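**Q** Here you go, sequence then predicted model.
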Amino acid sequence: MKNIIVTMVAMMAVTFSFAETNSNKVDRRYDVSCNMDRLSEVLALDENQSDAVESIHNNFNTELQSLASVRGPLQRHLIHQAVRKDAHQMKQVLNEKQFALYMRIMLNTLRNRQL
């Protein structure tokens, strides 16, 4: 009897860990958070720009994660709108050189995540 209970607990633990791993894979794909200190360094941001970029990027990341549950052509459209909104807001904060570098980083990140 003891062996049966131990076996059942082991099977449940493996099953739950497998299910958790699959759901995290889906969510990680939509997580585009980054090290803001490193991003500030790469873009050569001043303190005001750094705060604004962090706020805008956090909003963008939250918006993308909320789109993880949407499927089909609507998802692609909503992701495209989120990227355009992020780009518009960043263009107001960054100068031309910083904006070009930011967009290159962001688009490569989205391409690597297959979004």
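**A** Structure received.
**Q** for the protein, what spans make up the strands?
**A** Counting by DSSP state E, one finds no strands in the chain.
**Q** where in it is pLDDT low?
**A** Counting by pLDDT under 70, the ranges of the chain that qualify are 1-27.
**Q** do that again at 50, thanks
**A** Within the chain, the stretches with pLDDT under 50 are 17-23.
**Q** which residues in it form helices?
**A** Taking DSSP state H to define them, one finds helices in the chain at 2-29, 36-43, 47-66, 73-93, 96-112.
**Q** Compute the inter-axis angle for the fourth one and helix 47-66.
**A** Taking axes from the mean of the first three to the mean of the last three C-alpha atoms, to 10 degrees, one finds helix 73-93 and helix 47-66 inclined to each other by 180 degrees.
**Q** can you give me how far helix 73-93 is from the chain middle?
**A** Distance of helix 73-93 from the chain centroid (C-alpha atoms, centre = their mean, to the nearest Å) equals 13 Å.
**Q** for that helix, packing partners?
**A** helix 47-66, helix 96-112 (3 or more C-beta pairs under 8 Å, 6 or more residues apart in numbering; DSSP states H and E). (Glycine included, C-beta is placed from N, CA and C.)
**Q** Likewise for the third one?
**A** Contacts of helix 47-66 with other secondary structure elements, assessed using 3+ C-beta pairs under 8 Å, 6+ apart, are made with helix 36-43, helix 73-93.
**Q** which residues sit against it?
**A** 27, 30-34, 36, 39-40, 43, 45, 79, 82-83, 85-86, 89-90, 93-94, 98, 102, 115 (C-beta atoms under 8 Å, 6 or more residues apart in numbering).
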